[in-house]
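A.B. asks: Provided below for reference: sequence and predicted model.
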Amino acid sequence: MLDPARLFIIMPQEKQPMENVIIIGSGCAGWTAALYTARANLEPLLVTGAMPGGLLTTTTIVENFPGFPEGVDGFQLMMNMQQQAERFGTKTKMGSAVTAVDLSSRPFKVTIDGEVVETKSVIIATGAGHKHLGLESEKLLDTKGVTYCATCDGALPMFRNKPLVVVGGGDSACEEALYLTRFASVVYLIHRRDTLRASKIMADRVLANEKIKPIWDSTVEEILDVKQDTVTGVRIKNLKTDEVSTLDCAGVFVAIGLVPNTQLFQGVIDTDEAGYIKPTHGSHTNVEGVFVAGDVADKHYRQAITAAAMGCMAAIDAERYLQGLAE
């Protein structure tokens with residue numbers, strides 16, 4: 001006879017409902033895709049990643065997003081987008097990360113913080129991350145004077161009233177340099193060419209600022225000094241004369257471009273030689289039911305407004321795809 005005290009009931013685990021669409025990424029592309037799919041009553045699930053709001057949250061002022069004549073703080077712009085998307089029913093996994101994606105069969109399986117969630121469609125809006133110089137000293141001194149975000153770190157005591165270096169020549173590098181003039185004694189802008197790649201208005205602002213000293217035709221060969229466990233300077237090389245010199249500084253702000261965040265999709269989603277996802281048409285990828293938007297697929301424009309527009313396209317394409325499944 002069975003002992004009643006040892007009887008137990010195994011309850012079946014409740015299966016998580018399948019999502020209509022999972023949006024991976026929370027920049028302009030992700031939140032716009034969420035807004036449009038939410039308004040289409042698709043109840044999208046958006047996974048923000050470790051950096052909610054994306055790179056735009058590190059920008060102090062956005063002057064070229066339509067509708068804000070006086071400009072808007074980058075962080076505030078992303079908060080506005082989030083609130084608007086959630087108002088219409090977007091479900092948000094704040095701070096959560098997607099660690100695996102299985103697109104080999106339907107429904108698709110997306111692993112979020114260790115939990116597998118099934119979905120009928122996916123919108124990839126993972127954006128891009130900062131490109132590194134590739135120096136061993138850069139890696140060793142990361143967060144010890146080497147940084148990739150002036151608005152995040154420029155006001156730290158270790159950088160105040162000290163010479164600082166910005167590496168790069170595009171809009172991002174110029175914006176970093178201009179921001180750092182609030183705190184640094186001088187900002188050295190090291191660029192491998194003899195003219196800035198930045199837009200004319202941004203370049204003019206930089207060249208007119210007395211605290212910014214451009215160093216042309218040069219690259220950083222080494223960041224000094226690892227032994228002291230903090231940045232004390234850089235060794236630079238002039239690409240035209242091969243002359244090598246050192247420059248004292250307390251911090252190095254690297255702004256040399258972006259790398260698309262496509263590691264999760266390598267070998268499954270078609271990418272170009274630089275790793276950017278290649279849409280087949282519109283926002284469609286080579287996997288039916290998977291769409292792409294924003295900087296993860298855009299290496300030419302890389303603007304907040306174009307990312308938002310691509311998010312709109314991806315949402316409409318996903319909606320039409322799902323409608324086709326239901327018919």
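C.D. replies: Received it, and whenever you're ready, just let me know what you need. Numbering: from 1, shown residues only.
A.B. asks: helix, strand, or coil at the spatially closest residue to I22 that is not a sequence neighbour?
C.D. replies: The shortest distance from I22 to any non-neighbouring residue, by Cβ to Cβ, 6 or more residues apart in numbering, is to T119 (4.4 Å). All C-beta spots, glycine's among them, are computed from the backbone N, C-alpha and C. What DSSP: H, G, I helix; E, B strand; the rest coil gives for T119 is strand.
A.B. asks: what pLDDT does T119 get?
C.D. replies: The score at T119 is 98. That number is its pLDDT.
A.B. asks: kindly report the same for P279.
C.D. replies: P279 is assigned a pLDDT of 97 by the prediction.
A.B. asks: the residue nearest to I22 and D102, how far apart?
C.D. replies: Distance of T119 to D102, computed by Cβ to Cβ, to the nearest Å: 11 Å.
A.B. asks: between the two, which contacts overlap?
C.D. replies: Common contacts of T119 and D102 (Cβ atoms under 8 Å, 6 or more residues apart in numbering): F108, K109, V110.
A.B. asks: which strands and helices sit next to the biggest helix by length in the chain?
C.D. replies: Determined from DSSP state H, the single longest helix within the chain is helix 304-326. Where contact means 3 or more Cβ pairs under 8 Å, 6 or more residues apart in numbering; DSSP states H and E, helix 304-326 is packed against strand 19-24, helix 28-39, strand 115-124, strand 290-292.
A.B. asks: can you add distance to V166 and give these back as JSON lines?
C.D. replies: Shown next, in JSON lines, are the helices and strands packed on helix 304-326 (distance: least, Cβ to Cβ, whole Å):
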{"stretch": "strand 19-24", "distance to V166": "31"}
{"stretch": "helix 28-39", "distance to V166": "25"}
{"stretch": "strand 115-124", "distance to V166": "31"}
{"stretch": "strand 290-292", "distance to V166": "31"}
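A.B. asks: returning to what we had before: roughly how far is the longest helix of the chain from the heart of the chain?
C.D. replies: Here helix 304-326 shows a centroid-to-chain-centroid distance of 20 Å under the convention Cα atoms, centre = their mean, to the nearest Å.
A.B. asks: what residues does that helix touch?
C.D. replies: 20-21, 27-37, 40, 42, 56, 62, 64-66, 77, 120-121, 123, 125, 127, 282-284, 288-289, 291-295, 297-298.
A.B. asks: out of the helices and strands packed on helix 304-326, which is closest to T90?
C.D. replies: T90 sits nearest to helix 28-39 of all the helices and strands packed on helix 304-326, at 4.3 Å, using Cβ to Cβ.
A.B. asks: ok, the helix or strand that the closest one is followed by: who's next to it in the sheet?
C.D. replies: Using DSSP states H and E, the helix or strand that directly follows helix 28-39 along the chain is strand 45-47. In the sheet, strand 45-47 lines up against strand 19-24 (parallel), strand 91-93 (parallel) (DSSP bridges).
A.B. asks: just for this structure, where's the confidence low?
C.D. replies: Along the chain, segments meeting pLDDT under 70 span 1-15.
A.B. asks: show me where it has helices.
C.D. replies: Under DSSP H, the chain gives helices at 28-39, 74-87, 136-140, 150-153, 171-180, 200-208, 304-326.
A.B. asks: tell me what angle the fifth one forms with helix 200-208.
C.D. replies: Pointing back at helix 171-180 there. If you take axes from the mean of the first three to the mean of the last three Cα atoms, to 10 degrees, helix 171-180 sits at 40 degrees to helix 200-208.
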